[in-house]
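**Q** show me the folded form of this:
(one chain, ligands or ions: 2)
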Amino acid sequence: MTSDARQFVATARSIVVKIGSSAVTDMASGIDYAALDALVDALEARMRAGSDVIVVSSGAVGAGIAPLGLKKRPRDLATKQAAASVGQLRLAHAWGTSFARYQRVVGQVLLTADDVSNRSHHANAQRTLDRLRSLHAVAVVNENDTVATNEIRFGDNDRLAALVAHLVHADALVLLSDVDGLYNGDPRKPGPDGEPARLIEQVDGPEDLDGVIAGSGGALGTGGMASKLAAARLAADSGVPVLLAAASQAGAALADASVGTVFKARPTRMSARRFWVRHAAEASGTLTLDDGAVAAVVERRRSLLPAGVTASTGDFSDGDVVELVDAAGVVRAHGVTSYDADDVAKMIGRSTADLPSELRRPIIHADDLVPG
Ligand SMILES: Nc1ncnc2c1ncn2[C@@H]1O[C@H](COP(=O)(O)OP(=O)(O)O)[C@@H](O)[C@H]1O
Ligand SMILES: N[C@@H](CCC(=O)OP(=O)(O)O)C(=O)O
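**A** Ligands and ions are numbered 1, 2, ... in the order given. A predicted model of the protein is given here:
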């Protein structure tokens, strides 16, 4: 029987489809044109069935390796950016040529993290994507790798795709990779009991991920399974169900969502502001909390007072998002600070009554705190 979550993905009016590097590129030859044509066939079929589709395509770095005569995926930033610069041109051209078989026009959209995480820049990217959609052109999105430095990256395209899905209010996110779904352990290795890893068909919530080992990716991919799980969590928080499937099964994945692992979305969407605080904004600093403050903020949803803060790092200003970590350094919440870093430095560990009147508001108000 088809689950509700699969049914949502199968009938979603607008979807974001993310294609991993391994699905469209090949270390030895650059772009895998046959695989790309098969993907475009499946995407076009879904569009003809009435869905709006946005493609998030990885593969710029992968497609640049062979033409530059490199032997493997570069690790240093400058060579990665050079490979992406060569590869993105070829990748975008290949998508355009393949969709042209259906007289379908393609638009390239290269985003930096700032375009999505800065609320005032949101609108620009959103407008372009919406207009491409209304003109029946397919947006092919990637990170603008040639200008993104390690500090300001999205991290990986699974995250980028989940943020884009939120940005355009998509109804579903489909992640197509070289693996046919989520397994309880790395499918390339036997588990601790010697048994092969087992495919998980549906994830209803975080409890279904207990004991799951999300391993690293292949030679071309970046984030591995951990980044797909983080992206699925992000999408679920914004109310978007996710299907993780093999690119080689794109036909079935896009026609009726009958393959792969489906991640159910939470029934109520997180508000756009809370979503931004928790997932989209770049944290500008970190506050370390003692155990009492962690309990107050995470469990009792109270405002953060200076007495519970033991350390502060980063050069943040009031209104910026900061990470709240516990004594072990684990991130427990995100929040919008009411003070800049210099003021927080004066307030750390002090009780409110001992502070001058202008520093007596909570460091972060409860309404601006999001656990996780
Ligand atoms: N628990 C797991 N379930 C499924 N795949 C896993 C798991 N742990 C590690 N992997 C590996 O993650 C890889 C997919 O990640 P990655 O290479 O980053 O893909 P992509 O390029 O599509 O983003 C798969 O090839 C798979 O071998
Ligand atoms: N922007 C990079 C994407 C890196 C990335 O996240 O790759 P993947 O893990 O294959 O989705 C590129 O195009 O090479």
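**Q** which non-adjacent residue is nearest the spatially most central residue of the chain?
**A** For the chain, Arg159 is the residue whose C-alpha lies nearest the centre (CA atoms, centre = their mean; 1.1 Å). Sequence neighbours aside, Ala231 is the residue nearest to Arg159 in space, at 5.3 Å (criterion: CB to CB, 6 or more residues apart in numbering). All C-beta atoms are positioned from the backbone trio N, CA, C, and that covers glycine.
**Q** pretty sure the residue nearest to the centre of the chain sits against Ala235.
**A** No. Using CB atoms under 8 Å, Arg159 makes no contact with Ala235, being 9.9 Å away.
**Q** what's near enough to touch Gly285?
**A** The contact partners of Gly285, taken as CB atoms under 8 Å, 6 or more residues apart in numbering, are 312-316, 320, 322-323, 337, 341.
**Q** now do 6 Å
**A** Gly285 sits next to 313-314, 316, 322 when contact means CB atoms under 6 Å, 6 or more residues apart in numbering.
**Q** go through the residues you listed and flag which are in strands.
**A** 313, 322 (DSSP state E).
**Q** make JSON lines from the contacts of Gly285 and add pLDDT and neighbour count to it.
**A** Formatted as JSON lines, the contacts of Gly285 follow (pLDDT from 0 to 100; neighbours: other CB atoms under 10 Å):
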{"residue": "Thr313", "pLDDT": "96", "neighbour count": "13"}
{"residue": "Gly314", "pLDDT": "95", "neighbour count": "15"}
{"residue": "Phe316", "pLDDT": "94", "neighbour count": "22"}
{"residue": "Val322", "pLDDT": "96", "neighbour count": "26"}
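**Q** can you redo the contacts of Gly285 as a markdown table with distance to ligand 2?
**A** Below are the contacts of Gly285 laid out as a markdown table (distance: CB to the nearest ligand atom, whole Å):
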| residue | distance to ligand 2 |
| --- | --- |
| Thr313 | 27 |
| Gly314 | 26 |
| Phe316 | 27 |
| Val322 | 26 |
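**Q** burial of Arg101, as a residue count?
**A** The tally of other residues near Arg101 (other CB atoms under 10 Å) stands at 11.
**Q** same check, this time on the one 10 residues further on
**A** Other residues near Leu111 come to 23 when the count uses other CB under 10 Å.
**Q** from Ser312, how far out is the residue nearest to Arg159?
**A** To Ser312, Ala231 is 30 Å away according to CB to CB, to the nearest Å.
**Q** quickly check: the helix or strand where Ser227 lies near ligand 1 or not.
**A** Assigned by DSSP states H and E, Ser227 belongs to helix 224-237. Yes. Using CB under 6 Å from any ligand atom, helix 224-237 reaches ligand 1 at 224-225.
**Q** so for that helix, what gets flagged as buried?
**A** 224-225, 227-237 (16 or more other CB atoms under 10 Å).
**Q** max-length helix in this structure?
**A** helix 77-100 (DSSP state H).
**Q** show the end-to-end separation of stretch 326-334, please.
**A** 12 Å (CA to CA, to the nearest Å).
**Q** contacts for it next, please.
**A** 277-278, 294, 297-298, 321, 323-325, 369-371.
**Q** so how far is that stretch from its chain's centroid?
**A** 21 Å (CA atoms, centre = their mean, to the nearest Å).
**Q** highest neighbour count among the contacts of stretch 326-334?
**A** Highest count within these by other CB under 10 Å belongs to Leu324, 27 neighbours.
**Q** ok but that one is inside a strand, no?
**A** Yes. Counting by DSSP: H, G, I helix; E, B strand; the rest coil, Leu324 is found in a strand.
**Q** tell me the helix or strand right after the helix or strand bottoming out on mean pLDDT in the chain.
**A** Scoring the helices and strands of the chain by mean pLDDT, DSSP states H and E places helix 113-117 at the bottom, with a mean of 79. Moving toward the C-terminus from helix 113-117, the next helix or strand (DSSP H and E) is helix 119-134.
**Q** now that next one: mean pLDDT?
**A** Per-residue pLDDT over helix 119-134 has a mean of 86.
**Q** do stretch 361-372 as well
**A** 93.
**Q** what do you get for stretch 64-74?
**A** 91.
**Q** ends of it, what's the gap?
**A** 10 Å.
**Q** equivalent analysis for stretch 138-155, please.
**A** Start-to-end, stretch 138-155 (CA to CA) is 24 Å.
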